[in-house]
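*Asks:* pasting a predicted model and its sequence here:
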Amino acid sequence: MIDEETGVLEKEFFDFLTRFEINRAMRYQSFATLFFLEPDQELNNGVTLRTFARILKEEFRDTDIIGRVNHCRFGVILLHADSQSSFAAGERLRSRIANYLFSENKKATISLGGACFPKNTTSYKDIIFMAEQMLKTARAKGGNTICFPSKEEL
């Protein structure tokens, strides 16, 4: 359940909780945001990945869910968070990473793609797809940015 290298949830458990929490948000008509994020530079060593994951845990609330989706991609579910508060949380993280000195005095930046329930989507599959598309958009813009869907992309 916990990724040994980073200390956050493994992909399978993160996926399970994502589905569970989006279904719960639908049932109780609450807000939820899904972020996918990844470093713009290659983080080659475990120390740097652990530091990256630690910063994620420090920047998000204890009630938010953080998981490792693949080697350098992470996912975060922000519960009871509307689009404005989610964007602010993502921007704080982006800024902190951009100003942090990792091992060997190297800096890194991240790209974040997010989608909000129910503002951007009303299903589990759609929120996954939309967050992935927004991450691709952030990467295509050169990184070090956060992207959410515009009305034209819905």
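*Replies:* Received, thanks. Being a predicted model, the structure only gives us computed values, none of them experimental.
*Asks:* so what's the residue nearest to the spatial centre of the chain up against?
*Replies:* With distances taken as CA atoms, centre = their mean, F35 lies nearest the centre of the chain, 3.1 Å away. Residues in contact with F35, defined by CB atoms under 8 Å, 6 or more residues apart in numbering, are G75, V76, I77, L78, S86, G90, L112, G113, G114, A131. Every residue, glycine included, has its C-beta placed from N, CA and C.
*Asks:* quick one: which of these sit in helices?
*Replies:* Counting by DSSP state H, the part of these found in helices is S86, G90, A131.
*Asks:* who wins on neighbours among those residues?
*Replies:* Using other CB atoms under 10 Å as the neighbour test, the ones in helices among the contacts of F35 are led by A131, with 29 neighbours.
*Asks:* next one: that residue from I22, what distance?
*Replies:* Relative to I22, A131 is positioned 11 Å away (CB to CB, to the nearest Å).
*Asks:* so which helix or strand takes in G143?
*Replies:* Element membership for G143, per DSSP states H and E: none, as it lies in no helix or strand.
*Asks:* what pLDDT does it get?
*Replies:* If you check G143, the pLDDT there is 96.
*Asks:* my read is that it contacts L112, right?
*Replies:* No - G143 lies out of contact with L112 (CB atoms under 8 Å); the separation is 9.8 Å.
*Asks:* so between the two, which is more surrounded?
*Replies:* Higher neighbour count among G143 and L112: L112, with 28 against 18, using other CB under 10 Å.
*Asks:* what residues does the more buried one make contact with?
*Replies:* Applying CB under 8 Å, 6+ apart, the residues near L112 are F35, F36, L37, G90, L93, R94, M134, L135, A138, T145, I146, C147.
*Asks:* any stretches of this structure with poor pLDDT?
*Replies:* 44, 46, 151-154 (pLDDT under 70).
*Asks:* without its sequence neighbours, what residue ends up closest to T6?
*Replies:* Excluding its sequence neighbours, the residue lying closest to T6 (CB to CB, 6 or more residues apart in numbering) is A53, at 3.8 Å.
*Asks:* all set, thanks.
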